[in-house]
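Visitor: turn this into a model:
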Amino acid sequence: MTNINAALLSFGMSGKVFHAPFLHLHPGFTLLGSWERSTKAIADQYPGTHSYDSLEAVLADDRIELVVVNTPTYTHYEYAKAALNAGKHVIVEKAFVGCTAEAVELQALARAQGLKLAVFQNRRWDSDFKTVQNVVRQGLLGDIVEASIDFARYTPQLSPKTHKEKPSAGAGIIKDLGAHVIDQALCLFGMPRSVFADIATTRADSQVDDYFDILLKYDKMRVHVKGGYFFREPTPSFAFFGTKGTFLKSRADVQEDQLKAGMKPNDPQYGVEPDTEQGLLHTEVEGKVIRENIQTLPGDYKEYYEAVYQSLTSDLPEPVTAQDGVNVMRIIDAAFESAEQGKVIDLG
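Guide: Numbering: from 1, shown residues only. Model (predicted):
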């Protein structure tokens with residue numbers, strides 16, 4: 001089996017939870033280490049790994065073939081560009097970068113260098129989204145007329161992570177939770193014709209956007225993507241309405257909580273939602289009306305890194321391509337333009 005040497009650019013929560021466990025577990029990857037600015041912790045959890053003191057040290061290590069840019073969003077463009085120029089394949093967390101122009105530039109640079117550039121949109125491999133995707137692909141709802149995907153929480157307090165709350169090219173809810181739901185919508189339905197958005201600041205002392213309701217307009221379909229921090233009793237996070245029926249599903253993926261609690265991704269219970277969170281399908285199949293709960297598919301972020309591995313070793317497309325990242329940034333830029341001007345933005 002071909003081996004791919006990888007390094008992280010941060011060993012905080014995202015490094016410990018979303019990346020290191022999967023790189024370590026996959027037989028085709030070797031996790032060489034991480035850039036660690038103060039606390040040196042990676043070698044304690046993964047003996048034999050190295051703690052790099054700077055980005056330059058990571059990029060100077062000729063053994064490293066894949067760099068994971070899992071730092072705050074406002075650094076993504078600079079760090080990803082440096083890694084590509086150093087001849088490394090790159091994974092960039094969401095939101096991809098600060099704007100569409102930066103996304104297009106990185107996409108072109110990766111192509112010119114003959115390198116792989118992938119976006120880490122892990123929520124495509126959530127149990128809830130995989131289940132919704134399966135229902136839609138089976139055609140159980142007929143033609144989708146309207147759909148709603150939200151990422152709603154009840155967290156009125158400001159985040160202790162100042163990079164999320166201090167105005168910058170990467171701050172605010174749209175480039176945090178919004179990037180997930182926009183990507184999920186585009187994954188299901190592709191690019192819309194136009195965008196209309198309402199964006200607001202709702203929390204006391206907040207300096208960034210913390211509420212959004214974005215309408216993606218297709219030829220015969222409307223898709224709402226929405227998020228905010230004052231949803232103590234949220235409605236179903238996935239509400240899909242078609243010519244044959246309806247599917248409602250909560251956002252209940254357990255992977256993040258399991259990983260934070262120390263569960264390994266190869267545990268038999270990993271990614272398995274409780275049965276109480278099953279989605280409700282009310283539709284018509286072969287002339288018979290049914291109304292029943294649907295078994296939730298397991299979530300599995302291992303599938304993302306397996307797809308990255310296949311992309312690197314068999315020259316297959318990345319699981320979430322740079323073009324996917326460009327498309328999400330086009331929606332985000334259009335949403336802000338729409339909210340500022342109070343009008344529908346045609347995407348052409």
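Visitor: okay, now the domains of this structure?
Guide: Following automatic domain parsing, one finds the domains of the chain at 4-122+304-320, 127-300+331-346.
Visitor: and the ones you listed, which is most packed in?
Guide: Most buried of these, by mean neighbour count (mean count of other CB atoms under 10 Å): domain 4-122+304-320, with a mean of 20. All C-beta spots, glycine's among them, are computed from the backbone N, C-alpha and C.
Visitor: how far does that one sit from the chain's center?
Guide: Chain-centre distance of domain 4-122+304-320: 15 Å, with CA atoms, centre = their mean, to the nearest Å.
Visitor: helices along the stretch 51-200 of the chain, start to end?
Guide: Applying DSSP state H, counting those that start in this stretch to the stretch 51-200 of the chain gives helices spanning 55-60, 76-85, 100-113, 127-137, 162-165, 179-189.
Visitor: against which helices or strands is the third one packed?
Guide: This means helix 100-113. helix 76-85, strand 117-120, helix 322-341 (3 or more CB pairs under 8 Å, 6 or more residues apart in numbering; DSSP states H and E).
Visitor: mean pLDDT and distance to residue 138 added to these, as JSON lines?
Guide: Shown next, in JSON lines, are the helices and strands packed on helix 100-113 (pLDDT from 0 to 100; distance: least, CB to CB, whole Å):
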{"stretch": "helix 76-85", "mean pLDDT": "98", "distance to residue 138": "36"}
{"stretch": "strand 117-120", "mean pLDDT": "98", "distance to residue 138": "27"}
{"stretch": "helix 322-341", "mean pLDDT": "98", "distance to residue 138": "23"}
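Visitor: rewinding a little: to residue 271, which of the helices of the stretch 51-200 of the chain lies closest?
Guide: Among the helices of the stretch 51-200 of the chain, helix 127-137 comes nearest to residue 271, with 5.9 Å by CB to CB.
Visitor: can you tell me what sits against that closest one?
Guide: Where contact means CB atoms under 8 Å, 6 or more residues apart in numbering, the residues beyond helix 127-137 that reach it are 123-124, 141, 144, 184, 187-188, 237-238, 240, 247, 249-255, 271-273, 277, 279, 281, 294, 296-299.
Visitor: stretch 30-43 now?
Guide: By CB under 8 Å, 6+ apart, stretch 30-43 touches 3-11, 15, 20, 23-24, 46, 49-55, 57-58, 61, 63-64.
Visitor: what sits against residue 64?
Guide: 5, 6, 7, 32, 58, 88.
Visitor: again, but for residue 236
Guide: Contact analysis of residue 236 by CB under 8 Å, 6+ apart lists 248, 249, 250, 279.
Visitor: tell me the pLDDT of the first one.
Guide: We have a pLDDT of 98 for residue 248.
Visitor: can you classify it as helix, strand or coil?
Guide: Here residue 248 is strand, with the state taken from DSSP: H, G, I helix; E, B strand; the rest coil.
Visitor: quick check, it in contact with residue 239.
Guide: Yes - Residue 248 lies in contact with residue 239 (CB atoms under 8 Å); the separation is 5.5 Å.
Visitor: do you know how far the residue lying farthest from the centre of the chain is from residue 244?
Guide: What lies farthest from the middle of the chain is residue 287; by CA atoms, centre = their mean that is 37.7 Å. Distance from residue 287 to residue 244, counting by CB to CB, to the nearest Å: 11 Å.
Visitor: what does residue 180 give?
Guide: 28 Å.
Visitor: then residue 270?
Guide: 34 Å.
Visitor: looking at this structure, which helix or strand does the model trust least?
Guide: Every helix and strand in the chain was compared by mean pLDDT, DSSP states H and E; the lowest is helix 162-165, with a mean of 88.
Visitor: what's in contact with that one?
Guide: In contact with helix 162-165 (CB under 8 Å, 6+ apart) are residues 72, 73, 74, 158, 159, 170, 171, 172, 176, 206, 207, 208.
Visitor: skip the chain neighbours and tell me the closest residue to the first one.
Guide: In this case it means residue 72. Leaving aside its chain neighbours, residue 72 sits nearest to residue 163 (4.1 Å; criterion: CB to CB, 6 or more residues apart in numbering).
Visitor: please report how far the one you found lies from residue 223.
Guide: For residue 163 relative to residue 223 (CB to CB), the value is 29 Å.
Visitor: again, but for residue 26
Guide: 34 Å.
Visitor: got a list of what the spatially most central residue of the chain touches?
Guide: Against the mean C-alpha coordinate of the chain, by CA atoms, centre = their mean, the closest residue is residue 121 at 2.6 Å. Residue 121 makes contacts with 94, 179, 180, 183, 187, 320, 324, 328, as judged by CB under 8 Å, 6+ apart.
Visitor: who are the contact partners of residue 27?
Guide: Contacts for residue 27 (CB under 8 Å, 6+ apart) come out as residue 1.
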